[in-house]
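Chemist: No sequence on hand, only this structure:
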Ligand code: SF4
């Protein structure tokens, strides 16, 4: 379907408003980079907006982009309603990010005109081109990773998978619209499929050294002192399959980075955490030789083996302990992430996790971060209700905090979860009924 010329470039020079928040600021720069590489950004007025929009600010033909996780839906819903109240014509509300990728039903009902599913480099370019050739009427639907794109400029592109790999390498999180540069995504997708996690698992990609070198060159040009990266399982960078580590590849990456003389080279901390079952003496020795971080972050997630099995984590509490021992022996403190409030969690289960944390805290140099479970769209637990922790359980967690053993991030997560479900029950009760 094409509506070429019918509307006479109705979106050219219109405002493209990126709604930037603390939780999506890592993802927008790469999309802007896509448009910059194809000179599409000159055709619009690009705006980074850090505050919610008010109806009186909205203009005809505004295109407003959101990227968000499930727990932020109450705020997004309020903003979309406010935008619609302006009553302006041809306003496009566009969504992407992990919630939209996992579930488009609710966001359709919230009034999103266009939704980007999965990784959006390829489709975001297509979107920009369609806006310009007035083809936009034909993309009033969900745009997936496998959409057909006219690849005039690229040779050797045969399949959408090839194209996705090429585009992953081609674009960098660097844009003229933002002075800061977010960490570089070096690994995309994860094969583990842990039940609470919405990281796509169907394809795992690694950024090439050529692309990484290009990025480091750009950081140097900007006098940036710090290098860090995004990876769902950093010690599996380059791995052919789960746990088949490719330490040579990690060493080559770190060696190259260090030789570029950056002041801080970080690896194995947020946002490139380490799975416990990938911690080896050899791997830690390599990290110690190159990185400037004094600790690594390991996802432990539970102190109960039955839960770890149910979550499909693929490791045990014993492996968590072994990983800490190896990391400590190689000179790293360990930051551990745990989740509490899992579906059907009993007070006994919570108590066992707390006891596990206390025990390892006595033996090793660690710091623990506690998060509260919130269901994420697209995950196996997408429609599971959290177990809101009873007072007795909260006392145990508060004592961990008072003793300086565990940070209390779970408190904010719990407030967020309560707010999400209250909003859902009041606003979309039929949707709320899907949770159990
Ligand atoms: S929690 Fe980590 S290891 Fe598990 S699926 Fe998600 S990214 Fe992969």
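Modeler: Nice, thanks for sending it over. Keep in mind it's a predicted model, so treat the numbers as computed, not measured.

Chemist: Kindly list the longest helix within the chain.
Modeler: Criterion DSSP state H: the longest helix present in the chain is helix 409-427.

Chemist: How about the helix or strand hosting residue 131, which residues are buried there?
Modeler: According to DSSP states H and E, residue 131 maps onto helix 121-132. Of all the residues in helix 121-132, those buried under the rule 16 or more other Cβ atoms under 10 Å are 121, 122, 123, 124, 125, 126, 127, 128, 129, 130, 131, 132. Where you see a C-beta, it was placed from the backbone N, CA and C, and this is true even at glycine.

Chemist: rewinding a little: can you name the secondary structure element that comes next after the longest helix of the chain?
Modeler: helix 429-432.

Chemist: buried stuff in that next one?
Modeler: Applying 16+ other Cβ under 10 Å to helix 429-432 flags residue 432 as buried.

Chemist: Which residues of the stretch 151-300 of the chain lie near the ligand?
Modeler: 190, 192, 193, 194, 197, 199, 232, 233, 275, 299 (Cβ under 6 Å from any ligand atom).

Chemist: Out of these, which sit inside helices?
Modeler: Per DSSP H, those never map to helices.

Chemist: average pLDDT across the longest helix of the chain?
Modeler: What helix 409-427 shows for mean pLDDT is 97.

Chemist: and it, what other elements does it pack with?
Modeler: Counting contacts by 3 or more Cβ pairs under 8 Å, 6 or more residues apart in numbering; DSSP states H and E, helix 409-427 packs against helix 73-85, strand 366-372, helix 429-432.

Chemist: What are the contacting residues of that helix?
Modeler: If you take Cβ atoms under 8 Å, 6 or more residues apart in numbering as the criterion, helix 409-427 is touched by 70-71, 73-74, 77, 340-341, 369-374, 385-386, 388-389, 397, 431-432, 435.

Chemist: Please tell me how far the residue nearest the centre of the chain sits from residue 369.
Modeler: Nearest to the mean C-alpha position of the chain, counting by Cα atoms, centre = their mean, stands residue 98 at 7.0 Å. From residue 98 across to residue 369, the span is 20 Å (Cβ to Cβ, to the nearest Å).

Chemist: Quick one: the strands in the stretch 251-400 of the chain, in order.
Modeler: Ranges of strands in the stretch 251-400 of the chain, per DSSP state E, counting those that start in this stretch, are 264-265, 295-301, 333-340, 366-372.

Chemist: Packed most tightly, which of the ones you listed would that be?
Modeler: strand 295-301 (a mean of 23; mean count of other Cβ atoms under 10 Å).

Chemist: hmm, back to that, report the two of the residues of the stretch 151-300 of the chain next to the ligand separated the most.
Modeler: 193 and 299 (14.0 Å; Cβ to Cβ).

Chemist: Any idea which helix or strand in the chain has the lowest mean pLDDT?
Modeler: Between all helices and strands in the chain, the lowest mean by mean pLDDT, DSSP states H and E belongs to strand 142-143, at a mean of 57.

Chemist: Adding distance to residue 348, write the helices and strands packed on helix 409-427 out as JSON lines.
Modeler: JSON lines is the format used below for the helices and strands packed on helix 409-427 (distance: least, Cβ to Cβ, whole Å):
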{"stretch": "helix 73-85", "distance to residue 348": "32"}
{"stretch": "strand 366-372", "distance to residue 348": "17"}
{"stretch": "helix 429-432", "distance to residue 348": "28"}
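
Chemist: Columns pLDDT and distance to residue 259 on top of the buried residues of helix 121-132, output as JSON lines?
Modeler: Listed next are those as JSON lines, based on pLDDT from 0 to 100; distance: Cβ to Cβ, whole Å:
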{"residue": "121", "pLDDT": "88", "distance to residue 259": "29"}
{"residue": "122", "pLDDT": "87", "distance to residue 259": "33"}
{"residue": "123", "pLDDT": "89", "distance to residue 259": "36"}
{"residue": "124", "pLDDT": "91", "distance to residue 259": "34"}
{"residue": "125", "pLDDT": "91", "distance to residue 259": "33"}
{"residue": "126", "pLDDT": "89", "distance to residue 259": "38"}
{"residue": "127", "pLDDT": "91", "distance to residue 259": "39"}
{"residue": "128", "pLDDT": "92", "distance to residue 259": "37"}
{"residue": "129", "pLDDT": "89", "distance to residue 259": "39"}
{"residue": "130", "pLDDT": "88", "distance to residue 259": "43"}
{"residue": "131", "pLDDT": "89", "distance to residue 259": "42"}
{"residue": "132", "pLDDT": "86", "distance to residue 259": "42"}
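
Chemist: Out of the residues you listed, flag the one nearest to residue 260.
Modeler: For the buried residues of helix 121-132, the nearest to residue 260 is residue 121 (25.1 Å; Cβ to Cβ).

Chemist: okay but that closest one is in contact with residue 168, surely?
Modeler: Yes: using Cβ atoms under 8 Å, residue 121 makes contact with residue 168 at a distance of 6.9 Å.
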